[in-house]
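*Asks:* Here you go, sequence then predicted model.
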Amino acid sequence: MNDRPKRMSGGKPTEARRGRKSQKESKDNATRLMHQKVKTARGRKIGSKLWLERQLNDPYVKEAKIQGYRSRAAFKLKELNEKYKLIRRDDLVVDLGAAPGGWVQIALELGAREVVGIDILPVEHVAGGNIIEMDFMDESAPEKLKSMLGEAPDVVLSDLAANTTGHKNTDHLKTVALVEAAAEFAMDVLKPGGHFVTKVFQGGTEGKLLKELKDRFEFVRHAKPKASRKGSPEIYLVAKGFKG
Ligand SMILES: C[S@@+](CC[C@H](N)C(=O)[O-])C[C@H]1O[C@@H](n2cnc3c(N)ncnc32)[C@H](O)[C@@H]1O
């Protein structure tokens, strides 16, 4: 058997062949530009290389930049609101896990009169936003938020997501604890008729909590906005019409 690579035909390339070649080169360049690759620098883990590559090629990340939103997550709330009509003009809105502030921007754009929020990370000021840098799981956090609100809010939003440890059970427990705390807070503070939205993960809301939410709200649904990454286990729970 002949393992040698096939010989290229010899001779100078014709004009037509040169043309075809340069057309192919520019197509290859365009493809390269559309899909940006990130070199693995020394010290950069493969995981963060893939994350960076996905960020650079994500149309929602690009669109968020163009439209001046602080996060691609902004589009998730926009979509949920289009479908479920959650935020109305002059609403008082709570945003749990607000950083970097994409949902705050959308809620205000939709006409909220104020967004009171919390995050362990700092959130750059937005006019109309009142965000405290604090751990929502701190036992004094609910009272702190209530004092910032001054009255019952119309909508409670939670996009809280714990940093994952890679240990499946620990991550699951941390996530469930955040969802439960957000739901408990919402049912404690919401105005009758108010709405609650929370990020939940794989498998939806835990059975006991889901039952309680169905008892206390007129309408409960799980939703996966298009802007939520397909491979991500995140979905959202939308609960409308708080019965008080
Ligand atoms: C997916 S991000 C929220 C993105 C936000 N909705 C936006 O549009 O910009 C989740 C946030 O939850 C916050 N978070 C997680 N655990 C928290 C906790 N215990 N207390 C407060 N914030 C927390 C994280 O710091 C992170 O900023």
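*Replies:* Okay, I see it.
*Asks:* buried ones in stretch 227-241?
*Replies:* For stretch 227-241, the buried set under the neighbour-count rule, 16 or more other C-beta atoms under 10 Å, comprises 227-228, 234-240. Glycine gets a C-beta too; all of them are placed from N, C-alpha and C.
*Asks:* same check, this time on stretch 134-147
*Replies:* Buried-residue list, stretch 134-147, by 16+ other C-beta under 10 Å: 136, 141-142, 145-146.
*Asks:* cool, and stretch 207-214?
*Replies:* Buried, per 16+ other C-beta under 10 Å, within stretch 207-214: 209-210, 212-213.
*Asks:* Next, give me the two most distant ones among the residues you listed.
*Replies:* Maximum pairwise distance among the buried residues of stretch 207-214 (C-beta to C-beta): 7.4 Å, between Leu210 and Glu212.
*Asks:* Just say helix, strand or coil for Lys240.
*Replies:* Here Lys240 is recorded as strand under DSSP: H, G, I helix; E, B strand; the rest coil.
*Asks:* excluding its backbone neighbours, what's nearest it?
*Replies:* Phe219 (4.3 Å; C-beta to C-beta, 6 or more residues apart in numbering).
*Asks:* looking at this, the one you found is in a helix?
*Replies:* No. Secondary structure of Phe219 (three-state DSSP): strand, not part of a helix.
*Asks:* so it makes contact with Gly241?
*Replies:* Yes. Applying C-beta atoms under 8 Å, one finds Phe219 in contact with Gly241, separated by 5.6 Å.
*Asks:* And the strand or helix carrying Ala186, what does it pack against?
*Replies:* Secondary structure from DSSP states H and E places Ala186 in helix 168-189. Helix 168-189 is packed against strand 92-96, helix 141-149, strand 155-158, strand 195-201, helix 207-216, strand 234-242, with contacts defined by 3 or more C-beta pairs under 8 Å, 6 or more residues apart in numbering; DSSP states H and E.
*Asks:* Could you dump those into TSV and include distance to the ligand and mean pLDDT?
*Replies:* Below are the helices and strands packed on helix 168-189 laid out as TSV (distance: least, C-beta to the nearest ligand atom, whole Å; pLDDT from 0 to 100):
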stretch	distance to the ligand	mean pLDDT
strand 92-96	7	98
helix 141-149	7	98
strand 155-158	8	98
strand 195-201	7	95
helix 207-216	18	95
strand 234-242	9	96
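*Asks:* These into CSV, with extra columns for distance to Leu80?
*Replies:* As requested, the helices and strands packed on helix 168-189 are arranged in CSV below (distance: least, C-beta to C-beta, whole Å):
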stretch, distance to Leu80
strand 92-96, 13
helix 141-149, 22
strand 155-158, 9
strand 195-201, 6
helix 207-216, 16
strand 234-242, 6
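*Asks:* do you know which of these lies nearest Tyr84?
*Replies:* Using C-beta to C-beta, the nearest of the helices and strands packed on helix 168-189 to Tyr84 is strand 234-242, at 5.1 Å.
*Asks:* List of residues touching that closest one?
*Replies:* 76, 80, 84, 86, 161, 179, 186-187, 190-202, 204-205, 210, 213, 216-225, 228 (C-beta atoms under 8 Å, 6 or more residues apart in numbering).
*Asks:* Mind giving me the ChimeraX select for those, buried ones only?
*Replies:* Selection of buried members from the contacts of strand 234-242 for ChimeraX, criterion 16+ other C-beta under 10 Å:
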select :76,80,84,86,179,186,187,190,191,194,195,196,197,198,199,200,201,205,210,213,216,217,220,225,228
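*Asks:* quick one, what contacts the residue nearest to the spatial centre of the chain?
*Replies:* Note on the chain: the residue nearest the mean C-alpha position is Ala73, at 3.3 Å, using C-alpha atoms, centre = their mean. Residues in contact with Ala73, defined by C-beta under 8 Å, 6+ apart, are 102-103, 159, 227.
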